[in-house]
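Chemist: No sequence on hand, only this structure:
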């Protein structure tokens, strides 16, 4: 007599039942991945790059220096015309 395979599925000797895990959770996999990559993309776009930060600092210092020169010139003008 030839031994036949059992009529049910087995995994390491344990009986298993077919479950549509992938089909059931596919919308969650897709939407979760889409949300993750969308938020990651948005975060990257909203962050300032390090180069821009230093360029802004240098420009602010340069503008402040120009304003200080103008204030000093205006003060000298006011002193000379009293």
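Modeler: Alright, I've got the coordinates. Bear in mind the structure is a predicted one, so any value in this text is a computation, not a measurement.
Chemist: Relative to residue 14, how far out is residue 26?
Modeler: Using C-beta to C-beta, to the nearest Å, residue 26 is found at 26 Å from residue 14. Where C-beta positions appear, they are placed from N, C-alpha and C, glycine not excepted.
Chemist: Settle it for me: which of the two has more neighbours?
Modeler: Per other C-beta atoms under 10 Å, whichever of residue 26 and residue 14 has more neighbours is residue 26, with 11 against 7.
Chemist: What residues of the helix or strand containing that one count as buried?
Modeler: In the assignment (DSSP states H and E), residue 26 maps to helix 21-46. Buried residues in helix 21-46, counted by 16 or more other C-beta atoms under 10 Å: none are found.
Chemist: roughly how far out does it sit from the chain middle?
Modeler: Its chain's C-alpha centre and that of helix 21-46 lie 13 Å apart, by C-alpha atoms, centre = their mean, to the nearest Å.
Chemist: How about stretch 70-81?
Modeler: Between the centre of stretch 70-81 and the centre of its chain there are 50 Å (C-alpha atoms, centre = their mean).
Chemist: which residues of this structure score low on pLDDT?
Modeler: 1-3, 5-6, 48-50 (pLDDT under 70).
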